[in-house]
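Q: let's see this in three dimensions:
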Amino acid sequence: MTEVKSFGEMNFGNAELGDKRRTKRLVKLVDQMCARPGGTLPQKFRCPADLQAFYRLMDKDDVKHESILKAHREATFERIEQLDAPVLILHDTTELDYTTHKSLDELGKIGCGTRRGYITHNSLAVDPENREVLGLVNQVLHHRTTVSKSETRAQRSKRETRESLLWLKGVQALPSNWNLVDVCDRGADTAEFLEYEVSSGRRFVIRSSHNRCILVGHDETGENAKLHTYMLTLPPAGTWTLEVTSRVELRRGRGNEKKKVVTRHARQANMAVAYAAVQIKPSKGKRSQPAMKVWAIRVWEVDPPEGQERLEWILITNEPVNNFTAAYRVVGWYECRWVIEEYHKGMKTGCRIESIQFTSEERLQPAIAVLSVVTLTLLQLRDAARRPDA
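A: Purely as a prediction, here's the structure:
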C-alpha cells in the first residue's frame, strides 16, 4: 500500500535545517498552516504554542530562506521528472511591502520610493495541459539600491544590482532541462537575457517590448526590418475565439508614464495569429556576434468592442513555428502566464505574507519562503474546485 504523504512531508520532509527535529517541526507546522492558509500567522495557528514554535524555528541560524526553498525545489523537480511533456517555468516579479517594520531599516525602496520591502522574483512551475501548479522552483529577494540620477547607460549596464538581472538570476539557478520552457513578460525583453536564453539552449517564450532591428527569415540574405513594424504587415495565419474574463488591472508606468487602471470586460474575443522566422540583430558593442535566430508571433483581437483596449501581443520564441498549430501552442503557453499573477495575489491577499511580524531579515526571509510554498495550497484548492467531479 502506497503511503500518502502530507503537504508538509512532500515539500519539506528532506529539509536540511541542522537538526532532524527542526525538520519534523517544520513539516508539522506547515501542515497546520495548510489547514488554514488564509489570514495572519495567529489565524493560521489555533494554538499559541504552535505559533511560538514557528517563531522559534525561524530564529534558528540554520533555518534560512535558501534551506527552506531548496527542499521544496527538489520535491518540485521530482514531480516534473514524472511528466513526459514540457513544463512551463513562469517568471515574474512582485513587491512585498514591509514599510511598517521599523527595525528593518536596510530594506530597499519599492513602489515610487516611499515604501520599503523586497522586489521578489518568483519562478513557478506549471503543467500547460491543465495549468496545474507544480511548485516554486526559485525565488529571489532583491534589495533595490539607491542610484544617482546622473548614472549613465554604461554605468547602469555594469551595475550588478540592476533589476533587469533578476530574470537572469531566475533561470541561471535552474537545470538546463529541455523539458523546461521559460515564459516571461515584457520585463525580460533585454538583450542580455535573450542572448543568454539563446546561447544556453533553453526553451523560451518572451513577450516583446522593443521594436528591435531584425533580419527577415533565417537566411543570410534576409531583408532589414523592425520587429513590431514587420509583424504588423503579416496577414493572419488562423483565427479562433477566446473567452475573456473581466479584469481590473493596474498597469505599470513605463519611463515617465504614470500607472493607470485598465478595466477589461468579459467577452468572446475573435483572435488572429501571424508568425515569421526572424533574426534579432546583436546589441551595440556586440556587432561581431551572429544574429539570434528565433520565431516571432503576433496575436491580436480582430474586432474589439468600442471602448475596450485591443488584446494584442508579440511573442519571441525559439520553438519552431512553421504552421498555425505550432503558433497556437506557443500562444497557449503564454496565456498560462496569468497563473503567476494569481499566485502573487494568493501570497498577498490569501496568505497575508506582508502581515508577518519579524524584527530582523534573518527571521523574515525564511518565513517568506515557508508562506510562499503554503500559498500553493490556495491555487491547488482552486484547481480542485474547478474539476468537473468536484
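
Q: mind showing which ranges of the stretch 101-250 of the chain have poor pLDDT?
A: 148, 155, 246-250 (pLDDT under 70).

Q: need the strands for it, in chain order.
A: Along the stretch 101-250 of the chain, counting by DSSP state E, counting those that start in this stretch, strands occupy 108-110, 115-127, 132-142, 180-184, 203-207, 213-216, 224-226, 238-244, 247-251.

Q: for residue 194, find the nearest of these.
A: When these are compared by Cβ to Cβ, strand 203-207 sits nearest residue 194, at 7.2 Å. C-betas here are computed from N, CA, C, even on glycine.

Q: what does the closest one contact?
A: Strand 203-207 is touched from outside by 86, 178, 180-186, 188-189, 193-194, 197, 313-319, 330, 333-334, with contacts defined as Cβ atoms under 8 Å, 6 or more residues apart in numbering.

Q: let's see the ChimeraX selection covering just the buried ones among those residues.
A: The ChimeraX selection below is limited to those of those classed as buried (16 or more other Cβ atoms under 10 Å):
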select :86,180,181,182,183,184,185,188,189,193,194,197,314,315,316,317,318,319,330,333,334
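
Q: could you measure from the nearest residue to residue 133 once chain neighbours are set aside over to residue 180?
A: What sits nearest to residue 133 in space, not counting adjacent residues and going by Cβ to Cβ, 6 or more residues apart in numbering, is residue 379, at 4.8 Å. Relative to residue 180, residue 379 is positioned 19 Å away (Cβ to Cβ, to the nearest Å).

Q: please apply the same query to residue 94.
A: 21 Å.

Q: relative to residue 309, which of the strands of the stretch 101-250 of the chain is closest?
A: Using Cβ to Cβ, the nearest of these to residue 309 is strand 247-251, at 9.7 Å.

Q: walk me through which strands the host helix or strand of residue 293 pairs with, and which way each runs.
A: Following DSSP states H and E, one finds residue 293 within strand 292-301. If you go by DSSP bridges, strand 292-301 pairs up with strand 267-280 (antiparallel), strand 312-317 (antiparallel).

Q: mean confidence (pLDDT) on it, please.
A: Strand 292-301 comes out with an average pLDDT of 96.

Q: next one: it to chain centre, how far?
A: With Cα atoms, centre = their mean, to the nearest Å as the basis, strand 292-301 stands 20 Å off its chain's centre.

Q: other residues contacting it?
A: Identification of contacts with strand 292-301 by Cβ under 8 Å, 6+ apart yields 194-195, 198, 208, 214, 218, 227, 231-232, 234, 269-280, 282, 310-321, 327, 330-331.

Q: may I see the buried residues of it?
A: 292, 294, 295, 296, 297, 298, 299, 300, 301.

Q: quick one: contacts for residue 239?
A: With Cβ under 8 Å, 6+ apart, residue 239 has these contacts: 270, 271, 272, 273, 302.

Q: repeat the analysis, applying 6 Å as the threshold.
A: By Cβ atoms under 6 Å, 6 or more residues apart in numbering, the contact list for residue 239 reads residue 272.

Q: cool, residue 289 as well?
A: residue 282.

Q: offset the numbering so it begins at 778, please.
A: Shifting the count to begin at 778 puts that one at residue 1066.

Q: got the confidence number for the residue nearest the centre of the chain?
A: What sits nearest the mean C-alpha location of the chain, by Cα atoms, centre = their mean, is residue 868, with 2.4 Å. On pLDDT, residue 868 comes in at 97.

Q: okay, and the beta partners of residue 1003?
A: The partner residues for residue 1003, given DSSP bridges, come to residue 990.

Q: can you tell me how far it is from residue 888?
A: Distance, residue 1003 to residue 888, by Cβ to Cβ: 33 Å.

Q: now swap in residue 1022 and tell me
A: Taking Cβ to Cβ, one finds residue 1022 at 27 Å from residue 888.

Q: so which of those two has more stuff around it?
A: Each of residue 1022 and residue 888 has its neighbours counted (other Cβ atoms under 10 Å); residue 888 has more, 13 against 9.

Q: what about the residue nearest to that one when sequence neighbours are not counted? Give its phi and psi, please.
A: Nearest in space to residue 888, with sequence neighbours left out and distances taken as Cβ to Cβ, 6+ apart, is residue 872 at 6.6 Å. When read as degrees, to the nearest 10, the backbone of residue 872 gives phi -110, psi 140.

Q: let me know how buried residue 872 is, in neighbour terms.
A: Neighbours of residue 872 (other Cβ under 10 Å): 17.

Q: over to residue 924?
A: What residue 924 shows, counting by other Cβ under 10 Å, is a neighbour count of 12.

Q: likewise for the one 3 residues further on?
A: Neighbours of residue 927 under the rule other Cβ under 10 Å: 6.

Q: please report how far it lies from residue 886.
A: 18 Å.

Q: residue 1132 now?
A: Counting by Cβ to Cβ, the gap from residue 1132 to residue 886 is 20 Å.

Q: what's the answer for residue 822, then?
A: 32 Å.

Q: so which of the two has more stuff around it?
A: residue 822 (19 against 16).

Q: what helix or strand is the residue nearest to the more buried one when sequence neighbours are not counted on?
A: Spatial nearest neighbour of residue 822, excluding adjacent residues (Cβ to Cβ, 6+ apart): residue 828 at 4.3 Å. Using DSSP H and E, residue 828 sits within helix 825-835.

Q: that helix packs against which elements?
A: helix 797-812, helix 1138-1162 (3 or more Cβ pairs under 6 Å, 6 or more residues apart in numbering; DSSP states H and E).

Q: and it, which residues are buried?
A: 827, 828, 830, 831, 834, 835.

Q: one more: stretch 1113-1129?
A: 1113-1114, 1116-1117, 1119-1121, 1123-1125, 1127-1129.

Q: do the same with stretch 974-982
A: Those would be 974, 975, 979, 980, 981, 982, for stretch 974-982 by 16+ other Cβ under 10 Å.

Q: distance-wise, check the first one relative to residue 949.
A: Using Cβ to Cβ, we find residue 974 at a distance of 11 Å from residue 949.
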